[in-house]
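Chemist: Generate coordinates for the sequence data below:
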Amino acid sequence: MILAAGNALQYLFFAVLAGTLVLQLIPATHRPALSIPFFVPAVAAALLPVVSFVPIAMLAQTVAAGRDMPFFGALERILFQYEVGQSWVVLFVLSFFLLGIFILFFHSTGMSRASAIVGLVLIMGMIGALGASGHAANAIPLIGGTLHFFHLLAVSLWIGTLLMVSWFAISYKQWASFLEWFTLIAIMCVIIIAFTGVIMGQLLTDPFIGSWALPYGEALVWKHLFYIVILMFALFNGIFIRRRLQQVTDYNPRQWLRAESLTAVLIFVITAFMTEQEPSGSLHYENPAFLFHVLYPASVPDSASFQLQLHPITILSVLLSIGFLYLMVQSFHRGRSPLSVFALGCMFVLSAYTGLVYILDFV
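Modeler: So this is what the prediction gives:
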C-alpha cells in the first residue's frame, strides 16, 4: 500500500510539473488566465525524489535482511550498483536543479519561456531515468525503457495541462483559443499512450487476454476502460462546452474540467497499484484477482489455458456498457452534475469488465 501511494504521488507530481511548464510556453492570448501558487510546482519538485525513494528503501530493507548486512550498507550498494538505485540518483539530481529553476525564475506572473524549456528538458531526463528501471525496461531494456518514457511523458503532458487549467484557471475567456492547440496535443498524447500501452501490455503479460484473471492484468483492463471514461469527459469539455461558451459567455466549465482531472488521478492510482503486482505469471503460481474471482462462476484450473466464448452475460454487459456511455452524454446535455456523470462512467467500466470476464472460458 505504501509503495502504491508513493507511485501515485509520483505520477501526480510529474503531471503537475509538466503541466505547469507547458502552460508557461503558451501566450496568454491562447490559454485561460492562470494563478498558480509558487508552492505547487516547488513542492512537487521537492517531494518527487522523496516519494520515488520509497521502493529504494523497501528494496534496501529486503537486501539487508536477506544478506545479513546493515541497512545503510545495503542502501549504498543499491544506489551505486543497482540500476534502480542509479536511476533514482539521476532523478534526485535533476529534481534538485528543477527546484532551483522554480526558486529563481517562477513568479506569480509565470516564468520565462527559456527557463520553462530547460525545466521540460529536466523532466524528460527524470522520466527517462524512471523508465530505465521500470517493468518494461526489465523485460526488454532498450525498447521497454523507450516505451515507458514516451508513455509517461504523454500522460504527464496531457493530464498535467488539464490538471493545472482545471484547478488554477481564474478565467475561461480564452477557452476556444486554448482548445485550438490543446486538442491537437491531447489527441497526439492519447495515440502515444494507446500505442505504447498496448505494446507494453503485450511485453509484460503473456498471454495478454488470459492475464485478465490476474491482479496485474485486471488492473490493466480497468486502466484502459477508465481511459474511455476520461475521453468522454474530454469530448464534453472539448466540443460541447466550447459551444456553451459561445452561447453563454459567462458559463464556467470548472466543475467538468475538475471531474475529468479527478478521473485522471484515479487512473494514476490504478497504475500505482499495478506497480505492486507481478506483471506476468500464471494462475498456477498466483491467485486470481479479487473481482475476477467474484464474477467468474467456475473454478479456474491451474493450467490457466483458455479459449474465447460468446457468453449471454457478455452480450448483456456490452449492451449495458453502451447504454451507460449514452446516458453519460444525455446527462451532460440535460445539465446533470459531473458527479452523476462520473458515476455512470464507473458503471460503464464495471459492466464492460464483466463482459470481458465472461468472454473467457478456462479449460
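Chemist: Strands along the stretch 251-363 of the chain, start to end?
Modeler: 306-308, 360-362 (DSSP state E, counting those that start in this stretch).
Chemist: Tell me where the stretch 251-363 of the chain has helices.
Modeler: Listed in chain order, the helices of the stretch 251-363 of the chain (DSSP state H, counting those that start in this stretch) span 254-274, 290-295, 312-333, 338-358.
Chemist: do the stretch 101-250 of the chain as well
Modeler: 113-131, 135-139, 141-168, 175-204, 215-235, 241-247.
Chemist: could you check the angle helix 254-274 makes with the longest one?
Modeler: Angle, helix 175-204 to helix 254-274, by axes from the mean of the first three to the mean of the last three C-alpha atoms, to 10 degrees: 10 degrees.
Chemist: Okay, buried residues for helix 175-204 please.
Modeler: By 16 or more other C-beta atoms under 10 Å, the buried positions in helix 175-204 come out as 175, 177-179, 182, 186, 189-190, 192-193, 196-197, 199-201, 203-204. In short, each C-beta sits where N, CA and C put it, glycine included.
Chemist: where does this protein have low pLDDT?
Modeler: Filtered on pLDDT under 70, the chain yields the residue ranges 1, 108, 135, 137, 139, 204-211, 278-290, 293-308, 361-363.
Chemist: Geometric centre of it: which residue is closest?
Modeler: residue 268 (4.0 Å; C-alpha atoms, centre = their mean).
Chemist: Quick check, it in contact with residue 5.
Modeler: No. Using C-beta atoms under 8 Å, residue 268 makes no contact with residue 5, being 10.7 Å away.
Chemist: May I have stretch 169-188 as PDB, with CA atoms only?
Modeler: C-alpha atoms of stretch 169-188 as PDB (Å, rounded to 0.1, in the frame of the first residue of the first chain):
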ATOM      1  CA  ALA A 169      -7.500  28.900 -14.000                       C
ATOM      2  CA  ILE A 170      -9.200  32.200 -12.900                       C
ATOM      3  CA  SER A 171     -10.900  32.900 -16.300                       C
ATOM      4  CA  TYR A 172     -12.000  30.800 -19.200                       C
ATOM      5  CA  LYS A 173     -12.400  33.700 -21.800                       C
ATOM      6  CA  GLN A 174      -9.700  32.200 -23.900                       C
ATOM      7  CA  TRP A 175     -11.100  28.700 -23.800                       C
ATOM      8  CA  ALA A 176     -11.600  28.400 -27.600                       C
ATOM      9  CA  SER A 177      -8.100  29.600 -28.300                       C
ATOM     10  CA  PHE A 178      -6.800  27.100 -25.700                       C
ATOM     11  CA  LEU A 179      -8.600  24.200 -27.300                       C
ATOM     12  CA  GLU A 180      -7.100  25.000 -30.700                       C
ATOM     13  CA  TRP A 181      -3.700  23.800 -29.600                       C
ATOM     14  CA  PHE A 182      -4.500  21.600 -26.600                       C
ATOM     15  CA  THR A 183      -6.900  19.400 -28.600                       C
ATOM     16  CA  LEU A 184      -4.100  18.600 -31.000                       C
ATOM     17  CA  ILE A 185      -1.700  17.800 -28.200                       C
ATOM     18  CA  ALA A 186      -4.300  15.700 -26.400                       C
ATOM     19  CA  ILE A 187      -5.000  13.600 -29.500                       C
ATOM     20  CA  MET A 188      -1.300  13.000 -30.100                       C
END
